[in-house]
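> Structure of the sequence below:
(2 chains)
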Number of protein chains: 2
Amino acid sequence: KNWVLIGIVCGAAVLTVGILIGHFGITKGGSSGPSWVEDVAKDVDQSLIEKFLSEVDNIQIQENLRELTKVPHMATTAGDEQTVQFMLKRWQDAETGLDDAWREEYLVYLSFPDPKNPNKVTVGESTEKTYNPEEDDPAVVQPYAAYSPAGHPKGKLVYANQGKPSDYQVLNQTVDLRGTIAITRYGGAGRGAKAINAAPYGVIGVLVYTDPLDINDGLMSDINETYPHSWYLPPSGVERGSFNVQFGDMLTPYLAAKEDTYRIPAEDITGIPPIPIQPIGFEDAYILICALDGENAPQDWQGAFNCTYKYGGPGFKPTSAFNGSDVKLDIFNYEEVKNSSNVMGIIRGSVEPDRYVIYGNHRDSWVHGAIDPSSGTSVMLELTRVLGRMVKQGQWRPRRSIIFGSWGAEEFGLIGSAEYTEQYFAKLSERTVAYINVDIAVFANATLSASGMPSVQNIIFTAAKQVDAPGLVSTSVYDNWIKYSNRTSPAHGVIPRIGYLTGAGSDYAAFAHYLGITSMDISYTYDRSKTNARIYPAYHTAYDTFNYASKFIDPGFLSHQAIARTAGNVLIQLADSLVLPLNCSDYAETLEDYLKTAVSLYEEKLESRKISMEPLKRAVANFRSAASHLDNVIRTSDLANETPLKVRAINDQLMLLDRAFLDPLAFPDKYGYCQCIFVNCLAACRLTKAQ
Amino acid sequence: KNWVLIGIVCGAAVLTVGILIGHFGITKGGSSGPSWVEDVAKDVDQSLIEKFLSEVDNIQIQENLRELTKVPHMATTAGDEQTVQFMLKRWQDAETGLDDAWREEYLVYLSFPDPKNPNKVTVGESTEKTYNPEEDDPAVVQPYAAYSPAGHPKGKLVYANQGKPSDYQVLNQTVDLRGTIAITRYGGAGRGAKAINAAPYGVIGVLVYTDPLDINDGLMSDINETYPHSWYLPPSGVERGSFNVQFGDMLTPYLAAKEDTYRIPAEDITGIPPIPIQPIGFEDAYILICALDGENAPQDWQGAFNCTYKYGGPGFKPTSAFNGSDVKLDIFNYEEVKNSSNVMGIIRGSVEPDRYVIYGNHRDSWVHGAIDPSSGTSVMLELTRVLGRMVKQGQWRPRRSIIFGSWGAEEFGLIGSAEYTEQYFAKLSERTVAYINVDIAVFANATLSASGMPSVQNIIFTAAKQVDAPGLVSTSVYDNWIKYSNRTSPAHGVIPRIGYLTGAGSDYAAFAHYLGITSMDISYTYDRSKTNARIYPAYHTAYDTFNYASKFIDPGFLSHQAIARTAGNVLIQLADSLVLPLNCSDYAETLEDYLKTAVSLYEEKLESRKISMEPLKRAVANFRSAASHLDNVIRTSDLANETPLKVRAINDQLMLLDRAFLDPLAFPDKYGYCQCIFVNCLAACRLTKAQ
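Next comes the predicted model:
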């Protein structure tokens, strides 16, 4: 009996142990909760970030740049096609490529100089002197103003400073501008605006040059001062450029420029120079300007030439060699619809494949474009190499999809990116979390520079804190940055200053202004205590080569590496974070700052017309309180254990924040400007005028 | 030894049994998969649908209607405020109310007749004869044309048929229209258009009446034929209406009409009559028209009066009592900015609270508005009673949020609903699954009628199959419907015919055309073999009362009940379905049908101008193939066991389908028309003209 009892007790005990083991000791496979529960709650993996940062390689970037800049690759030329093939090869590589990559073609309206009839100005053709063999490549396009009409205007020369409306107004008070040719310097007004502003005064042709004051810190001699001795622009260097005011293909506004697309007649295009315009080097400008007759121009019109800049008689001094001469422009530019390609690549998301983080840069240059844009393309290729390999090796797949865009024909007016947003408008609007633009990756090797919607400030800071500053010991990119550019935030104290994307300087324009997608632009840039150069001096010239980049801009490519690491880190965090790292309280801070400025500038004037700013103040206060509320929900919720639909709802709110500021009817005549907070000056001026 | 062995074997067996019991026999509570896994996969509960259908009560609807129509409730009047309070009381009821309900106010620009100076036409004031005491309520607004300017034009009378552009063109070939007053009949052209079309010919005033041919199947006598003996319009009955062409508050286009909102000057309003216009009864029209001189009007201009309709001399026959007389209009209308309310209510979603199904109808009427709009409001209140009680009793909470809207000032141009969409534009665009409109719930009690985007066809069919047809045995609303109106679909065979929402006849306009939200409009309607009435004859008159509705339109309120059941069923299925019951292959079928019509009408003409329709054909074919692909994904996936983010991605595609057809710049001068597939004729005409 005892044995039986003991047997039963032992049996019961063993059974209990068995039940406990069975219940707690063995994980239920498929039967207990679906397999995806863990996946949907996954957040950024910091060890992966570390792996990424360590694998980004400066020498890879340098070799990318060497390959990309072998030949000039102006949009739609044979050189451009070589870069298309190169990108495709890299992105389709079995070891380090993306999930998929393809070419997307558009038929776009471009403008070229005639190789058989070089554009000329009285004093001769505008050719750039050759210092190194690559600058002599037959594919180097002669300096010209894209979208300047052809024509042969001839007239007395006047000096019109930067060609701003106010410049022509001042000049017109002293000189009869009818029938004159105006010489202007870069800066102050957009390229095309210099001619558009001139035409109403009867000016019949415009020249534009880069004054050594604005680009060379005053230096002028190529014997010992400028390139090839330094990064400064040599006397014959000419900044090319697109002289249209709007962006996107001008024959197909709001529609992708495909074969079947309706095209407006070319004569209906607005925002292009109505009179011929031509860029020239400062060696030619020097001769012309110092020979001018007439009254002395105002102090702020004076440049770096060792003579007093005068208005022009109109025309030249009787004592000058050009006495009595007209200046003549012979412009042979022609327009053509050409086939331009974007190269697209994708890494598909695992959990939310219908959410996109887009990373892009243009591929086309004016000449070799080592800095603009190939520095950015080299960085992008290094990112895709490192990320592509992780994917191919099964180590990683992002939560959201990542799309890479290598845009075509940016130099002619952001055409490739604009056509892309037109073609996929609805899909991109509904699904894009953010757009990251890295065009010129490195202007100079002093400090990080970033612009974007205020909501991206935080994630750029997070990323920059995890990257070592190039060439410095124990200093992060963030720590270095804050020394060069900072501000005091009410919420965060002293922090680096982020700029706003108010203009259309690069391919972020269509994303930010047309689609209202949270966007940012990241680069390494100058120490402003060391130079006043408007931009790096070889910009848009034949001197922007691999040698120039590796010798004068970023020897060792460590700043390129820092940009690849920082921008790549931002990209991974946007793609992998459970809750999108976009901060709407930082947006509120910016709106409050804008409001403060608006109130101090306009409140008194408006009140005198019985217009109250109170509704605007209330709107900003409402935004702040909604932002605080959302922040609080995010902070206090245990989102990793919530239904993924709750997280998705919060992420949708964050993703669509900038879309709430869209008003497609706000500026109907200003192509692509629909986002009402960060409009550029011109659009804002229209508003003011309408009131 | 044996015992020990047996003990071990038994022990092992018992342990194994224990492990098996522990592992498979006991459900893991919190530890095995989160509690929400089941919730997110839940689909429509058919027993709940059955419960809903059984609880919808015709007598409740009848009593709702009685209460709503006690007094006239024209927008912003004291009667309107009574209905606001009634709606709020019902929606805030502790037993049968919604989660939350509130009033949303707008300051909107309305137009009224002057009670002290009644509008007059030569032959006397346009007053309606009183048959029942409620028609004599001092709050009955006199017949007038809202937004007709005040004025006192006097001139010879002409008959201009329906006031279409072609009518005035024909008339002008025979009669000099300068300085004339035109009498027109309702139909053929919009109300305001009858005056807008007239003004260019020099016409100085317009009368409009309802011809017995168009509304009364020819009957004219109130001694034995018309109301109060039947549903037909009595001789003195006058259709009121809004005579503006655009919808929404006209002083605040694209902005919600709040106190702070910028208002355009009233003189900048477009789309309103430039000359005075006044509606009159057919007893007055009869006297005027039968006295007209001049040539006989064409056959299709003839109405039901027992005389030949003539153009007018201009003016009257020498043999008539009016020989030589002018007709004079004395219009004293005035405009005023008034406070109009929407009443809003919500049942919050359990799984996807950030997805909305919106159900709405206007609340304001011209007079008592028993049919227009209170039949719809009575149905809505019955829906909210049944659903509200289920929620309050904890029996149900929808997967998605349900928003109910009781719109104000619809009669003046869909103002309440348009202001709502303007105020919450971004949120509604991003989150609204569908909009269901039930305005006039019952025009007549013969058959269901439905219009909507093609994607809603399937869910309306599903719902209509589950509801009994009123007064018929073993016949569903669907089976009854298909007998009255059907077509042969390539995919489905013979099915009931769904209309398209191409115009702005009710509050769906802002949702469908401005926001691009999948919308539908549902009602019970006529047996067309029994009447040719343009609309139910008491429309917009003082005779549209509870007595009229309960005696002539739907005695017993069984058709009201059928609409409540059908529309409520659609609402529940849209709110509760795991995968949204919207079908994009049905959309493809419609596009193919549109294309076929366009090709047969235009291909030859376009080809002669070297314009190809091939790109359009390719676009439709691409749509079809994408639709088939999506359908296939839905059909072949085990979505209840997939990550909820996969289901959400599919639902987002279905929800946003109509948004893909939005182009806010397509018709910039035509307020609110942004959806490019279902544009109304006027907008389409602009397109044709532009080409």
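
> gap between stretch A:102-109 and the chain center?
In terms of C-alpha atoms, centre = their mean, to the nearest Å, the centre of stretch A:102-109 is found 20 Å from the chain centre.

> Sorry, slip of the keys, the one I care about is stretch A:320-338.
The answer for stretch A:320-338 is 32 Å, by C-alpha atoms, centre = their mean.

> quick one: terminal-to-terminal distance for it?
Length of stretch A:320-338, first residue to last, C-alpha to C-alpha, to the nearest Å: 45 Å.

> so for that stretch, what's the average pLDDT?
Across stretch A:320-338, the average pLDDT comes to 93.

> Repeat that for stretch A:402-410.
Taken as a whole, stretch A:402-410 carries a mean pLDDT of 96.

> Buried ones in it, by neighbour count?
Of the residues in stretch A:402-410, A:402-410 count as buried by neighbour count, 16 or more other C-beta atoms under 10 Å in any protein chain shown. For the C-beta atoms, the positions are set from N, CA and C on the backbone; glycine is no exception.

> Ok, stretch A:494-505 next?
In stretch A:494-505, counting by 16+ other C-beta under 10 Å, buried: A:495-498, A:501-504.

> ditto for stretch A:191-202
Buried-residue list, stretch A:191-202, by 16+ other C-beta under 10 Å: A:191-198, A:201.

> Skipping adjacent residues, who's closest to the residue in the stretch 151-300 of chain A that chain B sits nearest to in space?
Residue of the stretch 151-300 of chain A nearest chain B, by C-beta to the nearest C-beta: A:Asp260 (3.8 Å). Leaving aside its sequence neighbours, A:Asp260 sits nearest to B:Pro615 (C-beta to C-beta, 6 or more residues apart in numbering or on different chains; 3.8 Å).

> before we move on, back to that, next, format the buried residues of stretch A:191-202 as a markdown table and append pLDDT and secondary structure.
Output for the buried residues of stretch A:191-202, formatted as a markdown table (pLDDT from 0 to 100; DSSP: H, G, I helix; E, B strand; the rest coil):
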| residue | pLDDT | secondary structure |
| --- | --- | --- |
| A:Arg191 | 96 | helix |
| A:Gly192 | 96 | helix |
| A:Ala193 | 97 | helix |
| A:Lys194 | 98 | helix |
| A:Ala195 | 98 | helix |
| A:Ile196 | 97 | helix |
| A:Asn197 | 98 | coil |
| A:Ala198 | 98 | coil |
| A:Tyr201 | 98 | helix |
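
> From these, pick the one nearest A:Ala256.
A:Gly192 (23.6 Å; C-beta to C-beta).

> what residues are up against the closest one?
Residues near A:Gly192 by C-beta atoms under 8 Å, 6 or more residues apart in numbering or on different chains: A:147, A:242-245, A:271-273, A:277.

> And the strands in the stretch 351-500 of chain A?
A:352-362, A:400-407, A:432-437, A:447-452, A:486-489, A:493-496 (DSSP state E, counting those that start in this stretch).

> Give the next helix or strand downstream of the last one.
Towards the C-terminus, the helix or strand next in line after strand A:493-496, according to DSSP states H and E, is helix A:508-509.

> same question for whichever helix or strand comes after that next one, mean pLDDT?
Going down the chain from helix A:508-509, the next helix or strand is strand A:519-525, by DSSP H and E. For strand A:519-525, mean pLDDT is 98.

> Just list the residues touching the residue nearest to A:Ala189 when sequence neighbours are not counted, thanks.
Leaving aside its chain neighbours, A:Ala189 sits nearest to A:Lys164 (4.6 Å; criterion: C-beta to C-beta, 6+ apart). Applying C-beta under 8 Å, 6+ apart to A:Lys164 gives the contacts A:188-189, A:193, A:197.

> swap the cut-off to 7 Å and go again
A:188-189, A:197 (C-beta atoms under 7 Å, 6 or more residues apart in numbering or on different chains).

> what does A:Gln246 give?
Contacts of A:Gln246 by C-beta under 7 Å, 6+ apart are A:271, A:671.

> Now do the helices in the stretch 1-150 of chain A.
A:2-20, A:36-41, A:46-55, A:58-68, A:78-91 (DSSP state H, counting those that start in this stretch).

> before we move on, what about the stretch 251-400 of chain A?
Under DSSP H, counting those that start in this stretch, the stretch 251-400 of chain A gives helices at A:282-290, A:374-392.

> Check the ones you listed for me and report the most buried one.
Ranked by mean neighbour count under mean count of other C-beta atoms under 10 Å in any protein chain shown, the helices of the stretch 251-400 of chain A are led by helix A:374-392, which reaches a mean of 26.

> Give the rounded mean pLDDT of that one.
pLDDT averaged over helix A:374-392 gives 95.

> so how far is that helix off the chain centroid?
Computed by C-alpha atoms, centre = their mean, the separation of helix A:374-392 from the middle of its chain amounts to 18 Å.

> Now do it: everything it contacts.
A:52, A:55-57, A:60-61, A:64-65, A:68-69, A:90-91, A:95-99, A:345, A:347, A:359, A:361, A:363, A:365, A:396-397, A:404, A:406, A:438-442, A:549, A:560, A:563-564, A:567-568.

> Of the residues you listed, keep whichever come out buried.
A:52, A:55-56, A:60-61, A:64-65, A:68-69, A:90-91, A:96-98, A:345, A:347, A:359, A:361, A:363, A:365, A:396-397, A:404, A:406, A:438-442, A:549, A:560, A:563-564, A:567-568.

> need the contact list for A:Tyr359.
A:Tyr359 touches A:380, A:402, A:404, A:436, A:571, counting by C-beta under 7 Å, 6+ apart.

> between those residues, which is nearest chain B?
A:Ile402 (16.7 Å).

> tell me the contacts of that closest one?
A:346-347, A:357, A:359, A:571, A:575.

> of all these, which two lie farthest apart?
Comparing every pair within these by C-beta to C-beta identifies A:Ile346 and A:Leu571 as the most remote, at 13.2 Å.

> if you count what's nearby, which of those two comes out ahead?
A:Leu571 (24 against 19; other C-beta atoms under 10 Å in any protein chain shown).

> Which of the helices or strands spans that one?
Counting by DSSP H and E, A:Leu571 is found in helix A:558-576.

> Dump that helix to CSV, keeping only the CA atoms.
This file holds the C-alpha atoms of helix A:558-576, laid out as CSV (Å, rounded to 0.1, in the frame of the first residue of the first chain):
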residue,chain,number,x,y,z
LEU,A,558,37.9,61.5,-45.2
SER,A,559,35.1,64.1,-45.5
HIS,A,560,33.5,62.0,-48.2
GLN,A,561,33.6,59.1,-45.8
ALA,A,562,32.1,61.2,-43.0
ILE,A,563,29.2,62.2,-45.2
ALA,A,564,28.6,58.6,-46.3
ARG,A,565,28.6,57.5,-42.7
THR,A,566,26.3,60.4,-41.5
ALA,A,567,23.8,60.2,-44.4
GLY,A,568,23.9,56.4,-44.4
ASN,A,569,23.2,56.4,-40.7
VAL,A,570,20.2,58.7,-41.2
LEU,A,571,19.0,56.5,-44.0
ILE,A,572,19.2,53.3,-41.9
GLN,A,573,17.5,54.9,-38.9
LEU,A,574,14.6,56.2,-41.1
ALA,A,575,14.3,52.8,-42.7
ASP,A,576,14.5,50.7,-39.5
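
> and that helix, does that touch chain B?
No. Counting by C-beta under 7 Å from any C-beta of the partner chain, chain B has no neighbours in helix A:558-576; the shortest distance is 14.6 Å.

> Leaving out chain neighbours, which residue sits closest to A:Val599?
A:Met613 (5.9 Å).

> which residues does the one you found contact?
Contacts for A:Met613 (C-beta under 7 Å, 6+ apart) come out as A:599, A:603, A:606.

> Just the closest of the residues you listed to A:Phe661, please.
A:Val599 (19.7 Å).

> Could I get the buried residue list for stretch A:129-138?
For stretch A:129-138, burial by neighbour count (16+ other C-beta under 10 Å) applies to A:129, A:131, A:134-135, A:137.

> Out of these, which are close to chain B?
Of those, not one also sits near chain B (C-beta under 7 Å from any C-beta).

> which one of those residues sits closest to chain B?
Using C-beta to the nearest C-beta, the buried residues of stretch A:129-138 come closest to chain B at A:Asp137, 40.0 Å.
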